[in-house]
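Engineer: Provided below are the primary sequence and the corresponding predicted coordinates.
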Amino acid sequence: MASSVTGSGLPSGSKVFTTLPDILFIPEFIFGGLVWTLIASTHVDPPNPLGWVMFVSVFCFVFTTIWFLIFLCGGNQSGIWPGLDAAYHFIAVVFYLSASVVLAYITIFTK
């Protein structure tokens, strides 16, 4: 029996703007830029943990931009892309959670 799904199932081109998971790229760009602004304008001692938070923010913002452009250009149609997509988002979640733990630690113990 033939499958009705063709390709990898990931949208490409302008379809990126019409699917729910992929339209979340837009708020990710906006909030990624806000994180940069807020971290860069904050003075906290010690500054080293904020370096990790800034790295996570910059890494995820740049990688999301590259990822979005790959999806927009249609380069994501081979069979390996769904796994790469899930792996990237898992790494981003782990990075953001670790950054939030660092910020919570700084907030609690600097009072």
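Structural biologist: That came through, no problem.

Engineer: what about residue 35, how many residues nearby?
Structural biologist: Using other Cβ atoms under 10 Å, residue 35 has 19 neighbouring residues. All C-beta atoms are positioned from the backbone trio N, CA, C, and that covers glycine.

Engineer: scratch that, residue 84
Structural biologist: When neighbours are counted by other Cβ under 10 Å, residue 84 comes out with 14.

Engineer: low-confidence stretches in the protein?
Structural biologist: 1-17, 19-22, 44-48, 111 (pLDDT under 70).

Engineer: and the helices in this structure, which stretches?
Structural biologist: In the chain, the helices defined using DSSP state H lie at 20-23, 25-40, 48-73, 81-109.

Engineer: and the second one, what's buried?
Structural biologist: Applying a neighbour-count criterion of 16 or more other Cβ atoms under 10 Å, one finds 25, 28, 32, 35, 39 buried in helix 25-40.

Engineer: tell me which residues are up against it.
Structural biologist: Here helix 25-40 makes contact (Cβ atoms under 8 Å, 6 or more residues apart in numbering) with 16, 50, 53-54, 57-58, 60-61, 64-65, 67-68, 71.

Engineer: hmm, 6 Å instead?
Structural biologist: Helix 25-40 has contacts (Cβ atoms under 6 Å, 6 or more residues apart in numbering) with 50, 53, 54, 57, 61, 64, 68.

Engineer: if I look at residue 73, how far off is residue 66?
Structural biologist: Counting by Cβ to Cβ, to the nearest Å, the gap between residue 73 and residue 66 amounts to 11 Å.

Engineer: on that earlier part again, possible to save the contacts of helix 25-40 as a markdown table with distance to residue 107?
Structural biologist: Below are these laid out as a markdown table (distance: Cβ to Cβ, whole Å):
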| residue | distance to residue 107 |
| --- | --- |
| 50 | 12 |
| 53 | 12 |
| 54 | 16 |
| 57 | 17 |
| 61 | 23 |
| 64 | 26 |
| 68 | 32 |
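
Engineer: these: which two are farthest apart?
Structural biologist: 50 and 68 (26.3 Å; Cβ to Cβ).

Engineer: more neighbours, the two?
Structural biologist: Legend: neighbour count by other Cβ under 10 Å for residue 50 and residue 68, higher for residue 50 (19 against 16).
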